[in-house]
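Undergrad: Just to be clear, the model below is a prediction. Sequence and coordinates:
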Amino acid sequence: MIRNFRRAQEPLDHAELARLLPAPGDPDLRPDRRLALEEHLMQQIQHAPAPAPEAPRPARPRRRTLLVALPVAAAAVAGVLAFQLLGSASHDGTAAPLTRVPAPVVRIEAGSAEKLDATIRQISTAAARQREPKVGPGQFLYVKSQVSYLVTEVDFDKNTETAFVQELHPREVWKSRDGSRGYLIEPGNSPAGGEPLDTDVPSHINAPSYDLLRTLPTDPDALLAKIYAEGEGKGRNRYQQAFTTIGDLVGEQAPPAGLASALYRAAAKIPGVVVVEHAKDAAGRDGLAVARTDETAGERTELIFDRRSFTYLGQRTIQVEEVKGLKPGTVTGRTAVIERGVADVLGNRPGTGGA
Amino acid sequence: MFARIRDGDPEAFRELHAAHASLVYRHAVRMTGDWSLAEDVVQLTFLEAWRLRGKLRDEGDGPRPWLMGIAVNVLRNTTRAGRRHRAAMDRMPAQETVPDFADELVGRIADAEQLAAARRALGRLRRGEREVFTLCVWSGMSYAEVAATLDVAVGTVRSRLSRARTRLRGLAEEELRTPGTEPGPASGQVRGDRVPAARSMEEENR
């Protein structure tokens, strides 16, 4: 056999190889399917706390449970944490679990599209007149809310899941203007004294920052076009994704007046958005809601507004169709914004000094 | 990117999935001939990547070879990887029925025959040759990448590919001599890589 040393380092003729045994078929992972797999992966890896990969583990605790909350109203969209680590029997440093309460079940009031235009006009006019907190360089936006979410408890040993609703509890969040630094105090979700929320993931439209909100267009059509474009390939449904994004942009945020006004006008342009006459936020305040039903999940996300001042109060998610044993009318998530302010020091409440 | 993966930044894994899930999937379909199983392989690969993230080294242009190396190991022993991540795999999103994708269905049936034929041919190769061949020729990865993937020298990649070529040429000649016959049945078995519960096409596409 004559060896050809000159060619020994050169690649072989791949065309010939491919002829000898052509690649069979053209198996493509459909984009929607890949996204479903991506969500599944994110849910699995976010069950685990970040550090300690492949480290020698101590003997497994007899019973390992993780509590994961579906932050439905706040940010239950692809692109944001879909599941939130709440605490675990096998990890110390995390908070004691919250008391379980029966999920509230409410009468489902049908939404109407008729009053949408008039209602949106009132809400967006009110938003345009509002003064949002001004966060200076080095300062932090502080938002205090009252929240309760549906929580799924996963027992890895028995491989069982149980769902329950957390008792209503306060949640306080501090965020730097660019979103890179933050702090969270939330019983059941953070250790007793709170914990830092620092991140090197740049803020994006579903995890917005004070600065980011000031770069968005204030023309409703341009804004909606941007929201659709950013939501491309995320979530289950383009319109639902856009509506939830709007919820993210007003929720624990301080949108400038022009943007807030544009956001509500944009919401009205999303197909399927309706007005619901009565919706209670997590503080028990009865308001009117701009809402949209996610047919796939059988749930309706509601942005709740004061019925006189038309200011934003909070969000609520209710089950409208029975899914996974959740009866129609079950409230799976509630939030209410109690206070927005500016803090000088992470973890210090506004007006309690620091700088 | 390397550091973010090692540090367990979930967003880095999201990006990793977006960038490479399709590559892993195509490779897995062609190696197993089973679409559903290929999805399991994709997820097991990423779950293993999460578990092993601390072992990623700053080598090469990106994490692709490292990830494909994990995929190759998952394919070598899918059941073992499956056991390790049983709870996670039990929660895999269900395959929807796909009545709207009639074209895809037809495509799959045609592909199934091709896949079966290719798998028979692959079965004539040694495992090392088979891995090098599919990664280089079917997935279009460079020799250096495949060397990193399989943790062997670049020269080994080349020599395995060369041996694969020799065997495949022999196979082609064999087929010419005896037209219409299937390649030998016993040797057509892919050693050690058979998965116990391959789902039937009917079941999967219902």
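TA: Looks like it came in fine.
Undergrad: Report the closest residue of the stretch 251-355 of chain A relative to chain B.
TA: A:T296 (10.6 Å; Cβ to the nearest Cβ). Just so you know, the C-beta spots here come from the backbone N, C-alpha and C atoms, and that holds for glycine as well.
Undergrad: Count the neighbours of that residue for me.
TA: Other residues lying near A:T296 total 11 when counted by other Cβ atoms under 10 Å in any protein chain shown.
Undergrad: Does it touch A:Q241 like I think?
TA: No - counting by Cβ atoms under 8 Å, A:T296 does not reach A:Q241; the two are 11.2 Å apart.
Undergrad: give the contact list for the closest residue in space to A:D219 that isn't next to it in sequence.
TA: Distances taken as Cβ to Cβ, 6 or more residues apart in numbering or on different chains place A:A262 nearest to A:D219, at 6.5 Å, with adjacent residues excluded. Applying Cβ atoms under 8 Å, 6 or more residues apart in numbering or on different chains, we find A:A262 in contact with A:124, A:217-220, A:223.
Undergrad: A:T218 too?
TA: Contacts of A:T218 (Cβ under 8 Å, 6+ apart): A:256, A:258-259, A:261-262.
Undergrad: tell me the helices in the chain, going along the chain?
TA: If you meant another chain, say so; for now it's chain A. A:14-20, A:31-47, A:72-75, A:116-129, A:210-213, A:220-231, A:238-250, A:257-268 (DSSP state H).
Undergrad: look at chain B instead
TA: Counting by DSSP H, the helices of chain B are B:2-6, B:10-32, B:35-51, B:64-76, B:78-84, B:86-90, B:102-122, B:127-133, B:143-150, B:154-177, B:201-205.
Undergrad: Export the helices of chain A as a markdown table, with columns for distance to A:P187 and mean pLDDT.
TA: Supplementary listing: these in a markdown table, determined by distance: least, Cβ to Cβ, whole Å; pLDDT from 0 to 100:
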| stretch | distance to A:P187 | mean pLDDT |
| --- | --- | --- |
| helix A:14-20 | 61 | 83 |
| helix A:31-47 | 20 | 85 |
| helix A:72-75 | 16 | 34 |
| helix A:116-129 | 31 | 94 |
| helix A:210-213 | 25 | 94 |
| helix A:220-231 | 32 | 93 |
| helix A:238-250 | 23 | 91 |
| helix A:257-268 | 30 | 95 |
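Undergrad: Of those helices, which is nearest B:G82?
TA: With Cβ to Cβ as the measure, helix A:31-47 is the member of the helices of chain A nearest B:G82 (13.7 Å).
Undergrad: does any part of that closest one sit near chain B?
TA: Yes - for helix A:31-47, a contact with chain B is found by Cβ under 8 Å from any Cβ of the partner chain, at A:33-34, A:36-46.
Undergrad: Which elements pack onto that helix?
TA: Applying 3 or more Cβ pairs under 8 Å, 6 or more residues apart in numbering or on different chains; DSSP states H and E, one finds that helix A:31-47 makes contact with strand A:65-69, strand A:84-88, helix B:10-32, helix B:35-51.
Undergrad: What residues sit buried inside it?
TA: A:33-47 (16 or more other Cβ atoms under 10 Å in any protein chain shown).
Undergrad: One more: stretch B:42-52?
TA: For stretch B:42-52, by 16+ other Cβ under 10 Å, it's B:42-51.
Undergrad: what's the lowest-pLDDT member of those residues?
TA: Of all the buried residues of stretch B:42-52, B:R51 carries the smallest pLDDT score, 88.
Undergrad: Relative to chain A, which residue of chain B is the closest?
TA: For chain B, Cβ to the nearest Cβ, closest residue to chain A: B:D111, 3.2 Å.
Undergrad: Count the neighbours of that residue for me.
TA: Around B:D111 there are 20 residues (other Cβ under 10 Å).
Undergrad: okay, it: pLDDT?
TA: 75.
Undergrad: Once you drop chain neighbours, what's closest to it?
TA: That would be A:G25: by Cβ to Cβ, 6+ apart, it lies 3.2 Å from B:D111.
Undergrad: from chain A, which residue is nearest to chain B?
TA: For chain A, Cβ to the nearest Cβ, closest residue to chain B: A:G25, 3.2 Å.
Undergrad: Dihedrals phi and psi, that residue?
TA: Recorded main-chain torsions at A:G25 are phi 60, psi 180, according to degrees, to the nearest 10.
Undergrad: Roughly how far does it sit from B:V29?
TA: 7 Å (Cβ to Cβ, to the nearest Å).
Undergrad: Excluding chain neighbours, what is closest to A:H40?
TA: Spatial nearest neighbour of A:H40, excluding adjacent residues (Cβ to Cβ, 6+ apart): B:P93 at 5.4 Å.
Undergrad: check contacts around the one you found.
TA: A:36-37, A:39-40 are the contacts of B:P93 under Cβ under 8 Å, 6+ apart.
Undergrad: and the residues you listed, which two are the farthest apart?
TA: Using Cβ to Cβ, the contacts of B:P93 span at most 7.3 Å, a distance reached by A:L37 and A:E39.
Undergrad: Name the residues of stretch B:54-69 that are buried.
TA: B:56, B:60, B:63-69.
Undergrad: For those, work out which two are farthest apart.
TA: B:L56 and B:M68 (12.8 Å).
Undergrad: Next, name the residue at the spatial heart of chain B.
TA: What sits nearest the mean C-alpha location of chain B, by Cα atoms, centre = their mean, is B:A28, with 2.9 Å.
Undergrad: just checking, that residue touches B:L37?
TA: Yes - between B:A28 and B:L37 there is a contact at 7.3 Å, judged by Cβ under 8 Å.
Undergrad: A:L116: what's its closest spatial neighbour, skipping adjacent residues?
TA: In space, A:L116 is closest to A:V275, 5.3 Å off (Cβ to Cβ, 6+ apart).
Undergrad: For that neighbour, give me its contacts.
TA: Counted by Cβ under 8 Å, 6+ apart, A:V275 has contacts A:111-116, A:119, A:288-291.
Undergrad: Do a quick rundown of the strands in the stretch 201-350 of chain A.
TA: A:274-280, A:286-294, A:299-305, A:312-319, A:331-343 (DSSP state E, counting those that start in this stretch).
Undergrad: quick revisit: A:G182: which of the helices and strands packed on helix A:31-47 is closest?
TA: Using Cβ to Cβ, those put strand A:84-88 closest to A:G182, at 14.3 Å.
Undergrad: okay, the residue nearest to A:L116: pLDDT?
TA: 96.
Undergrad: Could you give the bridge partners of it?
TA: For A:V275, the beta-bridge partners under DSSP bridges are A:S112, A:V290.
Undergrad: From B:W138, how far out is the closest residue to B:V29 other than its chain neighbours?
TA: Once flanking residues are discounted, B:V29 sits nearest to A:P27: 3.7 Å by Cβ to Cβ, 6+ apart. Using Cβ to Cβ, A:P27 is found at 11 Å from B:W138.
Undergrad: Residue ranges in chain B under the pLDDT threshold?
TA: B:95-107, B:175-206 (pLDDT under 70).
Undergrad: how about 50 then?
TA: B:98-100, B:180-206 (pLDDT under 50).
Undergrad: Then chain A?
TA: Ranges of chain A meeting pLDDT under 50: A:1-8, A:48-94, A:156, A:354-355.
Undergrad: Tell me if I'm right that the residue nearest to B:V29 and B:H27 touch.
TA: No - under the criterion of Cβ under 8 Å, A:P27 makes no contact with B:H27, lying 9.2 Å away.
Undergrad: what's the neighbour count on residue 15?
TA: All of this is about chain A. Neighbours around A:A15, by other Cβ under 10 Å: 9.
Undergrad: meant chain B actually
TA: 16.
Undergrad: Then the one 4 residues further on?
TA: Using other Cβ under 10 Å, B:A19 has 14 neighbouring residues.
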